[in-house]
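A.B. asks: For reference, the sequence and a predicted model appear below.
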Number of protein chains: 2
Amino acid sequence: MQASRPTIADVARAAGVSKGLVSFALNDRPGVSPESRTRILAAAEELGWSPSVRARSLSSDVSFAVGLVIARDPEIIADDSFFPSFISGVERVLAPRGQSLVLSVVGDERLEEATYRRLAAERRVDGVILTDLRAADSRVSLLREIGLRAISLGRTDVDASAIPAVTLDDAPAIHDAVRHLVSLGHTRIAHVAGPDRLLHAARRKASFLQALASSNLSAPDVVETDFSAADGARATAELLDRAERPTAIVYANDAMAIAGIGVARRAGLDVPRDVSIVGFDDSAIGRYIEPALTTVATDARGWGFTAADALLRLVGGDEVGDIELAPAELVVRDSTATAPTETNTDRRQR
Amino acid sequence: MQASRPTIADVARAAGVSKGLVSFALNDRPGVSPESRTRILAAAEELGWSPSVRARSLSSDVSFAVGLVIARDPEIIADDSFFPSFISGVERVLAPRGQSLVLSVVGDERLEEATYRRLAAERRVDGVILTDLRAADSRVSLLREIGLRAISLGRTDVDASAIPAVTLDDAPAIHDAVRHLVSLGHTRIAHVAGPDRLLHAARRKASFLQALASSNLSAPDVVETDFSAADGARATAELLDRAERPTAIVYANDAMAIAGIGVARRAGLDVPRDVSIVGFDDSAIGRYIEPALTTVATDARGWGFTAADALLRLVGGDEVGDIELAPAELVVRDSTATAPTETNTDRRQR
DNA sequence: GCTTGTCTCTAAACCGGTTTAGACCGTCCG
DNA sequence: CGGACGGTCTAAACCGGTTTAGAGACAAGC
């Protein structure tokens, strides 16, 4: 028969105390006698009362929500299995703590700043998780300006102490990948990289180049892409067209690697006999394609979990330092094999 | 020097009017003289004021946010390109209207009800978009009980008038797919379906069976899966193992179809020579694998756009009826070809 | 016995908007 | 000329919580 949900005043009345005391009891603050506390909790329980976030937010200046702004073309997000896994990790810590995730997909970096400003001006969220860090990322100073707390995925290069980072080291796995290829006799190893302005893409590329150098291989072929399957296909075609065709290609994500296998095959090449392919992400599909994709596994879910937990601690007032996750790991499957011999590098049938 | 953001009181003071008039002016309500209006807007502009959603929500009982609860295993979401595209469509209407998207990924249907209840009890959102409708979906009555407005993706089977639906007809495309296969001489066509309790999966299956029947093909093989690439692989292995091996398989999503190609290939079969494969989704990767995937294209982005727009109209108080989108379309590429002849059905090399 | 201190609790202010009741003014109309 | 009316505006109540100032009861300390 009641028209609307119960308010704290209803609970107070039912328990025979004041609103303020109900508030104290429900926030586990001292100054409430054990008897009153149980009486209040019982009344709240019976009325099915849960505090309105709106009212709570207004008076306590806390949103009980965190933000995630993804500035990528939707198609590229769809190709990439990182975000779904990452978000599910984030949710695993948010949900039990009564926090919400406010997601923005902006598709265009020019709308990004406006989105962060809106989130802050409207006080929608208490903090944000920064992904896809860029070189000299303008978001670092923007966030300081608008007063939004943040955790970043990977360390920023502009002011590393400004925003606590949750980092995951790709380098060992990429070195392992190159070593793996070298041990299979490959000497012409190419890299299909992500956008150079993305720090993680640049870092993977740098690791790749370093790994090549430490194996005394030179003149590496690197092609930059936007991370989309389409661009991965284009890059592969370009590499396979070169006079000195690479015999192995290391990709910056699985979607491009899978597209790359398709392109190679269409060019009449067999994978892995003629070209070895290494992906990055360890997406589910990579396990089931033929040949199964050799790739680098990163724990996207764990990354989300850890970042969200750190962010909640940060907005809760704790000191939060950088956190280093377990490094990525190479997963060897069937898309990498012995390098073709010199006379063998041209088109051959299975 | 000001510590915190300006409030409506600051704007009122600057414009020399009362708080109430500022509120009227900013919500385009009558009873404000043109001069006052411009003076108020100028003051707001100069102070850089934007209303706090928190305060607005509390007094006007509107959240300015909509919810999306996804109850799927994170791995399955990652395999599927539907949600990222869908969400980007949703954002395209939300962002310009100052609305936010509250996303919940629950991974387990048992947590789903609690999530909706929380969203409603805390009044986090004004409405939700219902995806992955199930047979006799308990969410329909749940939403009525907790008083949350909703738009559903596809029509519910429990009380079709309760929740406006945005529908997209798969049937013609699936009929086209079967006709396409039949015209290529296939007679043993199997289907790798999604979970039967999901209405859209069941509907696709029903369309498939109907299409077979109208082509006078019988004893169809249908295997149910959970939509994951892993389960698609298992289903494919099972189908290819049967005495009467199908010569064509229609999948309920691209991820499974791509996994299926891998399984077939591993079994020594060539696609499309020995088995034809049809996917569903038209994901980007499908275009670049070899053979390029014949699939069914649905406009996930447009679906998100339309659903979000309808939901905002609904929470805004408009009457909203069901909306029918353009039907899905078959995209023929290279994973379908002439059926193998009888003597041809066993393993052969390329 | 009186002060001091500690616990428990209430009343009221406050967060930043929206909304309602009503004041004030000028105009139109009978 | 007086009353009704429309337009513009203000003051104050309200949304549902949190937080502060302080009241009242009781025990301990001098």
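C.D. replies: Right, received. Where do you want to start?
A.B. asks: CA atoms for contacts and neighbours, from now on please.
C.D. replies: OK.
A.B. asks: remind me which residues of chain A are low pLDDT?
C.D. replies: For chain A, applying pLDDT under 70 flags the ranges A:1-4, A:219, A:342-350.
A.B. asks: which residue sits closest to A:Val320, ignoring its sequence neighbours?
C.D. replies: Excluding its sequence neighbours, the residue lying closest to A:Val320 (C-alpha to C-alpha, 6 or more residues apart in numbering or on different chains) is A:Leu314, at 6.0 Å.
A.B. asks: Could you do A:Gly147 as well?
C.D. replies: In space, and not counting its chain neighbours, A:Gly147 is closest to A:Ala120: 7.4 Å by C-alpha to C-alpha, 6+ apart.
A.B. asks: can you pull the contacts of the closest residue to DNA strand C within the stretch 101-250 of chain A?
C.D. replies: Using C-alpha to the nearest atom of the strand, the single residue of the stretch 101-250 of chain A nearest to DNA strand C is A:Glu122, 8.4 Å away. Going by C-alpha atoms under 8 Å, 6 or more residues apart in numbering or on different chains, A:Glu122 touches B:Ser50, B:Pro51, B:Ser52, B:Val53, B:Arg54.
A.B. asks: ok, so of these, who is nearest B:Gly260?
C.D. replies: B:Val53 (48.6 Å; C-alpha to C-alpha).
A.B. asks: can you tell me which residues contact the closest one?
C.D. replies: A:Glu122, A:Arg123, A:Arg124, B:Ser63, B:Phe64 are the contacts of B:Val53 under C-alpha under 8 Å, 6+ apart.
A.B. asks: Burial check on A:Met256, number of neighbours?
C.D. replies: 34 (other C-alpha atoms under 10 Å in any protein chain shown).
A.B. asks: correction: A:Ala114
C.D. replies: Neighbour count of A:Ala114, defined by other C-alpha under 10 Å: 12.
A.B. asks: so how far is B:Pro6 from it?
C.D. replies: According to C-alpha to C-alpha, to the nearest Å, A:Ala114 stands 18 Å off from B:Pro6.
A.B. asks: Can you classify A:Ile249 by secondary structure?
C.D. replies: Using DSSP: H, G, I helix; E, B strand; the rest coil, the structure places A:Ile249 in strand.
A.B. asks: thinking again about what came up before, got a markdown table for the contacts of B:Val53, with secondary structure too?
C.D. replies: Shown next, in a markdown table, are the contacts of B:Val53 (three-state DSSP):
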| residue | secondary structure |
| --- | --- |
| A:Glu122 | coil |
| A:Arg123 | coil |
| A:Arg124 | coil |
| B:Ser63 | coil |
| B:Phe64 | coil |
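A.B. asks: which one of those residues has the most neighbours?
C.D. replies: Result: A:Arg124 is most packed of the contacts of B:Val53 (other C-alpha under 10 Å), 23 neighbours.
A.B. asks: Is it in contact with A:Asp61, as I believe?
C.D. replies: No. Counting by C-alpha atoms under 8 Å, A:Arg124 stays clear of A:Asp61, with 10.3 Å between them.
A.B. asks: so where do the helices sit in chain A?
C.D. replies: A:8-15, A:19-26, A:34-47, A:53-60, A:74-79, A:82-94, A:109-121, A:139-146, A:171-183, A:199-214, A:229-240, A:254-266, A:284-288, A:300-315 (DSSP state H).
A.B. asks: Determine which of these approaches B:Gly16 most closely.
C.D. replies: helix A:109-121 (23.5 Å).
A.B. asks: tell me which strands and helices the closest one is in contact with?
C.D. replies: Under the contact criterion of 3 or more C-alpha pairs under 8 Å, 6 or more residues apart in numbering or on different chains; DSSP states H and E, helix A:109-121 touches strand A:65-70, helix A:139-146.
A.B. asks: What residues are bridge-paired with the closest residue to A:Leu94 other than its chain neighbours?
C.D. replies: Closest residue in space to A:Leu94, ignoring its immediate chain neighbours: A:Ser100 at 6.3 Å, by C-alpha to C-alpha, 6+ apart. Beta-bridge pairing for A:Ser100 (DSSP bridges): A:Ala65.
A.B. asks: ok, A:Ser100 - how many residues close by?
C.D. replies: Using other C-alpha under 10 Å as the criterion, the residues surrounding A:Ser100 number 23.
A.B. asks: isn't it right up against A:Ile87?
C.D. replies: No. With contact defined as C-alpha under 8 Å, A:Ser100 does not count as touching A:Ile87 (11.7 Å).
A.B. asks: For the residue in the stretch 151-300 of chain A positioned nearest to DNA strand D, give the beta-bridge partners.
C.D. replies: Closest approach between the stretch 151-300 of chain A and DNA strand D, counting by C-alpha to the nearest atom of the strand: A:Ile151, at 23.8 Å. Residues in a beta bridge with A:Ile151, per DSSP bridges, are A:Ile129.
A.B. asks: how close does it get to A:Phe83?
C.D. replies: Note on A:Ile151: its distance to A:Phe83, by C-alpha to C-alpha, is 16 Å.
A.B. asks: What of A:Ala264?
C.D. replies: Note on A:Ala264: its distance to A:Phe83, by C-alpha to C-alpha, is 28 Å.
A.B. asks: A:Glu319 too?
C.D. replies: Using C-alpha to C-alpha, A:Glu319 is found at 27 Å from A:Phe83.
A.B. asks: These two: who's more crowded?
C.D. replies: Set A:Glu319 next to A:Phe83 and count neighbours by other C-alpha under 10 Å: A:Phe83 wins out with 19 against 10.
A.B. asks: Pretty sure A:Ile77 is one of the things that one touches, is it not?
C.D. replies: Yes. Counting by C-alpha under 8 Å, A:Ile77 is a contact partner of A:Phe83 at 7.2 Å.
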